[in-house]
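A.B. asks: Next comes the sequence, and after it the predicted model I'd like to discuss.
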Amino acid sequence: MSHSPLEQFAIKKIIELNIFGYDISFTNSSAWMVVALLISIAFFTITSVNLQFLPSKRQALGEIVYEFVSNILSINAGNEGKKFIAFIFSFFWFILVCNLLGLLPYSFTVTSHIIVTFSLAALLFVVINIYGIAKNGISFLSLFLPEGTPLWMAPLMIVVELFAYLTRPISLSLRLVANMVAGHILLKVIAGFAVSLGVIFKIAPVFFMGCIIGLEFFVALLQAYIFTILACVYLNDAINLH
């Protein structure tokens, strides 16, 4: 039996499906995304029952999460960015729930796979650019030529800025994947090390593993926050051409 730290990231088919030669099997990754969806529905159903002017504890919990994302959006994308609150909030909540679910024993970390994170980043990139072009027209291209650039440097700056802009989805998705994978591999290695030691010598690795789990919980929250705040910054660039 394999005990590789990378084994935990393996995609496993639960229900094998092939349509017109395309493999659309229902996998462990798909299953945990469904779990994340069900948890989200349950959470916001519970927190939005019997809404009151003076919120109950359940209602206040839902409002705190919503206001947290709303404030990030307002600060980084201004009032016009508020129309994207549902869109941005969905990214934040989905990533947060998937990150936290990945900390459970025998679970699967959906955000450890680049196909998932890149799909999210690409969707964000496409929507933001469509809105930016629709709002600003040809002026949208000014993003690729910083104001005050000497004429002789313009061709080089356009290439550099365009390259940096097009790599945004890649950097956004890789950042999330790298942090999720690194933390889980470290936990797996330390857990395997603890198992191989005697009872007395297990104390230090187990204590260290507990600290790493606490750190991973913080990273799960932090990565959802970073993805969200960068999404808001990119949205602000499209709206205000900064």
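C.D. replies: Structure's in. What do you need?
A.B. asks: Now do the nearest residue to T117 once chain neighbours are set aside, the pLDDT please.
C.D. replies: Counting by C-beta to C-beta, 6 or more residues apart in numbering, S173 is the residue found nearest to T117 once chain neighbours are left out, at 3.8 Å. To be clear about C-beta, it is placed using only N, CA and C from the backbone, and glycine gets the same treatment. Looking at S173, its pLDDT is 93.
A.B. asks: correct me, but S173 touches I115?
C.D. replies: No. Taking contacts as C-beta atoms under 8 Å, S173 lies outside contact range of I115: 9.1 Å.
A.B. asks: rewinding a little: enumerate every residue touching the residue nearest to T117.
C.D. replies: 114, 117-118, 120-122 (C-beta atoms under 8 Å, 6 or more residues apart in numbering).
A.B. asks: Name only those of those that count as buried.
C.D. replies: Taking 16 or more other C-beta atoms under 10 Å as the criterion, what is buried in the contacts of S173 is 114, 117-118, 120-121.
A.B. asks: tell me the two of the residues you listed that are most distant?
C.D. replies: I114 and L120 (10.6 Å; C-beta to C-beta).
A.B. asks: All the strands of the protein, in order from the start?
C.D. replies: 13-15, 18-19, 22-23, 26-27 (DSSP state E).
A.B. asks: Any chance of the ones you listed in a markdown table with mean pLDDT as columns?
C.D. replies: Converted to a markdown table, these look like this (pLDDT from 0 to 100):
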| stretch | mean pLDDT |
| --- | --- |
| strand 13-15 | 86 |
| strand 18-19 | 84 |
| strand 22-23 | 80 |
| strand 26-27 | 88 |
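A.B. asks: Would you mind finding the most buried of those?
C.D. replies: Comparing the strands of the chain by mean neighbour count (mean count of other C-beta atoms under 10 Å), strand 26-27 ranks first with a mean of 16.
A.B. asks: circling back: TSV for the buried ones among the contacts of S173, including distance to G132 and pLDDT?
C.D. replies: Listed next are these as TSV, based on distance: C-beta to C-beta, whole Å; pLDDT from 0 to 100:
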residue	distance to G132	pLDDT
I114	25	92
T117	22	94
F118	20	95
L120	19	95
A121	16	95
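A.B. asks: For stretch 118-131, what is the distance to the chain centroid?
C.D. replies: In terms of C-alpha atoms, centre = their mean, to the nearest Å, the centre of stretch 118-131 is found 13 Å from the chain centre.
A.B. asks: So which of the contacts of S173 are in helices?
C.D. replies: The members of the contacts of S173 that map onto helices under DSSP state H are 114, 117-118, 120-122.
A.B. asks: Specify which member of the residues you listed is nearest to K12.
C.D. replies: For the ones in helices among the contacts of S173, the nearest to K12 is I114 (17.6 Å; C-beta to C-beta).
A.B. asks: Please tell me how far that closest one sits from I170.
C.D. replies: Relative to I170, I114 is positioned 9 Å away (criterion: C-beta to C-beta, to the nearest Å).
A.B. asks: Equivalent analysis for A36, please.
C.D. replies: Taking C-beta to C-beta, one finds A36 at 24 Å from I170.
A.B. asks: Same check on V233?
C.D. replies: 16 Å.
A.B. asks: next one: A182
C.D. replies: The separation that A182 has from I170, given C-beta to C-beta, amounts to 18 Å.
A.B. asks: same deal with V110?
C.D. replies: Taken as C-beta to C-beta, the span from V110 to I170 is 19 Å.
A.B. asks: Among these two, which residue is more densely surrounded?
C.D. replies: V110 (24 against 15; other C-beta atoms under 10 Å).
A.B. asks: who's in contact with the residue nearest to that one when sequence neighbours are not counted?
C.D. replies: Closest residue in space to V110, ignoring its immediate chain neighbours: C98 at 4.3 Å, by C-beta to C-beta, 6+ apart. Contacts for C98 (C-beta under 8 Å, 6+ apart) come out as 32-33, 36, 109-111, 116.
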